[in-house]
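Peer 1: Quick one, fold the following:
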Amino acid sequence: CRQSGLKQQQGREERAQAKRMMGGACTSQANQTGDKIPVVNTAQNGSTQTPDVQQQQSQAPPREAPAASTTTTPAQPVQPAPTPTGVTYANQGNVPKLPVPALAETCGKYGDYVRPLLTDAEHAEAVAVAEELAQTGGEAQRLLEARASEASTSWLKAWWDDGYLEDRGVQPINVNYAVALRLGSGAQLERAAKLIWAGAELKGKLEREELAPDMERTTPLCMEQYRKMFATDRIPGTARDESKTWPLGEIKHVCVLSGGRAYAVRVIGADGRVASAAAIERALDGVQADAAAKGAAGVGIAALTGGSRERWARAREQIIACGAGNAAALEMIESALFHVCLDAQAPESLEELSVYALHAGGAGNRWFDKSVTYGVSANGRVCMICEHSPMDATPTVALCKHIHDRLTGECAFDGAAECAFQAVEFAGVEESDDIREAVGAAQSTLRALIDETEISALDFTEFGKLGIVKNKVSPDAFLQLAFQLAYYRHRGRMDSVYESASTRQFAFGRTEVMRSVTRESLAFVKAMAEGTCTVETLQAAVKKHGQRIVEAKNAHGVDRHLMGLKMIAQEHGLPAQRLFEHMSYPRLTRSVISTSNVSNPALDLFVFGPVVPEGFGLGYIIQNDAVHVIIASKHQGSAQLADHLAQSLRDMRALLEGTLATPEQAAPTPAPTPAPTPA
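Peer 2: Take a look at the predicted model:
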């Protein structure tokens, strides 16, 4: 659970895991007022008729701290807070706590997890240090179980929050992720107005707790992340940021950025009714006209959100000090339900759209700290950019699906509220050399990060989910094996692969790491390279993948538990365990290939940056008849890896269908691309 740019060397690796792949934990909510927009324009009348939203159906008292044991700590329900008044949070009392796996279980698995990444001698050492941890780690396990029993949230949450909010690196690319809605081109302002309407409609349902709770078949899922979906912003601090959420009922506006200028657009009336999409579109037209008349923002403070966190924190204090109304102006931006960026870019191809979604070329028209931001291009393409600390992908995908269904279905988009806009202005900022310097530095930092990031899109249309399942293979397992085969062909070796697995069946659950490189997958990859692979070899790898997925979804992977043991030992001054100092641990946890699957008919692409300098970030969507994979790296050969991936998909289908060419018939595989020595 989602990047480079993390603190100390070991801390960088662990925090990178916590920040990638839809990982993290819900952060605290603040009670601040943000409803400050005067109505300066009346542009609306009519009545509200809001069709029902079709959503997928997504705390007992703590026990005494258990003694260290060799059995798994049972999952305990957590105490509900606050008491639900509607359906949205009605299942929270039935969602158990995040469990702590048994020490013997995790240590026993460790050798299997690291085996495909090590030599025989290295593996023997890894098994020995894992056995040593099983024998001597009882006190750390007892303390971790006590922490789990006493926690009102989860044993992992506070560390998880720190992993995000203490990171002083750059948010875009490194931390934020983005998706693009499957909508095609359209009229920019009309599309933006309708998505604002749909977002405000969902906000109302969430506020009234009318949104159906998420379910996985018959299992209720934790809905805590939905509390941070709207009116949430990451506030910079010199040592640690704050994730701040304003009360939903008090926030009636969205923030619209155009030409680097910010505008507050009031779209909800005092009675909670939403303005019509037509009224919102007229307000957006006024915003765009005003921004064009004023010209490009002189000191575009939005750029500060794309640079160093310490510099942004200091600049924010300077902005507040420059003028009496500047604190309120910042709060207007930060407290908005969500942001909408009206952009000049007009992406056409999948690759252009992925670049636009991830960073928009650093154009200064993004506030990268907002939990949810929509980019609407000049040709009406829509992307969603998410700040990763409060939410993972599953709630944001639900939000995307709601908006997509509204924009593609039958919907009146009507409403009775008045719609108004006002420019958000900052006094004294233009005259501050310090703020100008900070903005320039942030722009340079983001520009350098963009320049060192290459993105390639694989728009594979030869087959998709239907073509895979007809061969009785899991589509996700098929893609994960294809990633490994492509990487092996690209570099001639195998490195650790991260796949995100949601743990929302547990209270405050975010993600567990699914390590998809197994002995079985490595045997498959090598057999394919040698031309000796059989269907049975592939099926064995698929079966193992399925077992690992189940383990991870049940919070019984090894990464999170080992991280917890390490953190609790450090907090209590326990002796360091040799396992964490052995080379096998960073070999496993260094996610050279970081992957995440958000397959949904509402989405066209999913994109995020690599976790390590020599690595790749692979966001993928498996459609019925196509596969979209966006590959991001720091000039490690993203396009070449995409080519290898396309051929790997073809070869694997041919293997299953009995048409794979023999080694003599097959085209030669390109020479592996060497990877640079890790920094």
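
Peer 1: so where's this structure uncertain?
Peer 2: 1-84, 662-679 (pLDDT under 70).

Peer 1: who's in contact with stretch 650-663?
Peer 2: Judged by Cβ atoms under 8 Å, 6 or more residues apart in numbering, the contacts made with stretch 650-663 from elsewhere in the structure are 462-463, 467-468, 471, 473, 478, 481-482, 485, 528, 530-531, 533, 535, 538. Bear in mind the C-beta positions are built from the backbone N, C-alpha and C, glycine included.

Peer 1: out of those, which are buried?
Peer 2: 463, 467-468, 471, 473, 478, 481-482, 485, 528, 533, 538 (16 or more other Cβ atoms under 10 Å).

Peer 1: mind listing the strands for the stretch 201-350 of the chain?
Peer 2: With strands called from DSSP state E, counting those that start in this stretch, the stretch 201-350 of the chain shows them at 215-216, 219-220, 232-235, 242-245, 253-258, 261-266, 339-342.

Peer 1: still on that earlier bit, and the buried ones among the contacts of stretch 650-663 as TSV, adding secondary structure?
Peer 2: Rendered in TSV, the data for those read as follows (DSSP: H, G, I helix; E, B strand; the rest coil):
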residue	secondary structure
Phe463	coil
Gly467	helix
Ile468	helix
Asn471	coil
Val473	coil
Phe478	helix
Leu481	helix
Ala482	helix
Leu485	helix
Met528	helix
Cys533	coil
Leu538	helix
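
Peer 1: Format those as a markdown table; extra columns: distance to Gly295.
Peer 2: Compiled in a markdown table, those are given as follows (distance: Cβ to Cβ, whole Å):
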| residue | distance to Gly295 |
| --- | --- |
| Phe463 | 50 |
| Gly467 | 52 |
| Ile468 | 52 |
| Asn471 | 58 |
| Val473 | 56 |
| Phe478 | 52 |
| Leu481 | 53 |
| Ala482 | 49 |
| Leu485 | 52 |
| Met528 | 57 |
| Cys533 | 61 |
| Leu538 | 59 |
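
Peer 1: Ile568: which of those is nearest?
Peer 2: For these, the residue nearest Ile568 by Cβ to Cβ is Leu481; the value is 35.5 Å.

Peer 1: for that closest one, what are its contacts?
Peer 2: The contact partners of Leu481, taken as Cβ under 8 Å, 6+ apart, are 521, 524-525, 538, 541-542, 545, 652.

Peer 1: mind redoing it with 7 Å?
Peer 2: Residues in contact with Leu481, defined by Cβ atoms under 7 Å, 6 or more residues apart in numbering, are 521, 524, 541, 652.

Peer 1: distance of it from Glu520?
Peer 2: Using Cβ to Cβ, to the nearest Å, one obtains 10 Å as the distance from Leu481 to Glu520.

Peer 1: quick revisit: output the strands of the stretch 201-350 of the chain as CSV; include the columns mean neighbour count and distance to Glu352.
Peer 2: Rendered in CSV, the data for these read as follows (neighbours: other Cβ atoms under 10 Å; distance: least, Cβ to Cβ, whole Å):
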stretch, mean neighbour count, distance to Glu352
strand 215-216, 14, 35
strand 219-220, 17, 39
strand 232-235, 25, 28
strand 242-245, 21, 32
strand 253-258, 25, 20
strand 261-266, 25, 25
strand 339-342, 25, 16
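
Peer 1: is it possible to export those strands to a markdown table including distance to Tyr177?
Peer 2: Listed next are the strands of the stretch 201-350 of the chain as a markdown table, based on distance: least, Cβ to Cβ, whole Å:
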| stretch | distance to Tyr177 |
| --- | --- |
| strand 215-216 | 22 |
| strand 219-220 | 25 |
| strand 232-235 | 14 |
| strand 242-245 | 16 |
| strand 253-258 | 19 |
| strand 261-266 | 23 |
| strand 339-342 | 16 |
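
Peer 1: can you tell which of those is closest to Ala291?
Peer 2: strand 253-258 (4.0 Å).

Peer 1: For Asn597, what are phi and psi?
Peer 2: phi -110, psi 120 (degrees, to the nearest 10).

Peer 1: At which residues are the strands of the stretch 451-600 of the chain located?
Peer 2: According to DSSP E, counting those that start in this stretch, the strands that the stretch 451-600 of the chain contains are 454-460, 497-502, 511-515, 593-597.

Peer 1: need the contact list for Leu466.
Peer 2: Contacts here follow Cβ under 7 Å, 6+ apart; on that basis Leu466 touches 624-625.

Peer 1: can you tell me how far it sits from Arg653?
Peer 2: Leu466 is 12 Å from Arg653, where distance means Cβ to Cβ.

Peer 1: and if you look at Arg314?
Peer 2: Counting by Cβ to Cβ, the separation of Arg314 from Arg653 is 55 Å.

Peer 1: Looking at the two, which is more packed in?
Peer 2: Arg653 (20 against 17; other Cβ atoms under 10 Å).

Peer 1: Please, which helix or strand holds that one?
Peer 2: With elements delineated by DSSP states H and E, Arg653 resides in helix 638-657, which encompasses its position.

Peer 1: from the middle of its chain, how far away would that helix be?
Peer 2: Taking the mean of its C-alpha atoms, helix 638-657 sits 26 Å from the chain's own mean (Cα atoms, centre = their mean, to the nearest Å).

Peer 1: and what of stretch 167-186?
Peer 2: For stretch 167-186, the distance to the chain centre is 9 Å (Cα atoms, centre = their mean).

Peer 1: Give the buried residues for that stretch.
Peer 2: Taking 16+ other Cβ under 10 Å as the basis for neighbour counts, the residues of stretch 167-186 that come out buried are 167-183, 186.

Peer 1: Kindly check the end-to-end length of that stretch for me.
Peer 2: Taking Cα to Cα, to the nearest Å, stretch 167-186 runs 38 Å from one end to the other.

Peer 1: Going by neighbour count, which residues in stretch 420-428 are buried?
Peer 2: For stretch 420-428, the neighbour count (16+ other Cβ under 10 Å) marks 420-422, 424, 426 as buried.

Peer 1: hmm, who's touching it?
Peer 2: Stretch 420-428 has contacts (Cβ under 7 Å, 6+ apart) with 37, 39-41, 261-266, 283, 286-287, 290, 301, 319, 322-323, 325-326, 329, 332-333.

Peer 1: change it to 6 Å
Peer 2: The contact list for stretch 420-428 (Cβ atoms under 6 Å, 6 or more residues apart in numbering) reads 39-41, 262-266, 283, 286-287, 322-323, 326, 329, 332-333.

Peer 1: Make a ChimeraX selection of the buried ones in those residues.
Peer 2: One line in ChimeraX is enough to select the buried ones among these; burial here means 16+ other Cβ under 10 Å:
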select :41,262,263,264,265,266,283,286,287,322,326,329,332,333
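
Peer 1: The contacts of stretch 420-428 in helices, which ones?
Peer 2: Secondary structure assignment by DSSP state H places 283, 286-287, 322, 326, 329, 332-333 of the contacts of stretch 420-428 in helices.

Peer 1: how long is stretch 495-508 end to end?
Peer 2: Where stretch 495-508 begins and where it ends lie 30 Å apart, using Cα to Cα.

Peer 1: quick thing: my sequence starts at 47, can you match it?
Peer 2: All right, first residue 47 from here; so that's stretch 541-554.

Peer 1: For that stretch, give me every contacting residue.
Peer 2: The set of residues external to stretch 541-554 that reach it, using Cβ under 6 Å, 6+ apart, is 47, 67-68, 71-72, 124, 141-144, 199-200, 203, 265, 267-268, 270, 440, 555, 557-560, 562-563, 598-599, 601, 634, 636-642.

Peer 1: Drop anything exposed from those residues.
Peer 2: In terms of neighbour count (16+ other Cβ under 10 Å), the buried residues within the contacts of stretch 541-554 are 47, 67-68, 71-72, 124, 141-144, 199-200, 203, 267-268, 270, 440, 555, 557-560, 562-563, 598-599, 601, 634, 636-642.

Peer 1: Okay, and which of those map to helices?
Peer 2: Taking DSSP H, the ones among the buried ones among the contacts of stretch 541-554 that sit in helices are 203, 440, 598-599, 634.

Peer 1: okay, those in CSV with distance to Gln551 next?
Peer 2: CSV is the format used below for those (distance: Cβ to Cβ, whole Å):
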residue, distance to Gln551
Lys203, 16
Thr440, 11
Ala598, 12
Lys599, 7
Leu634, 25
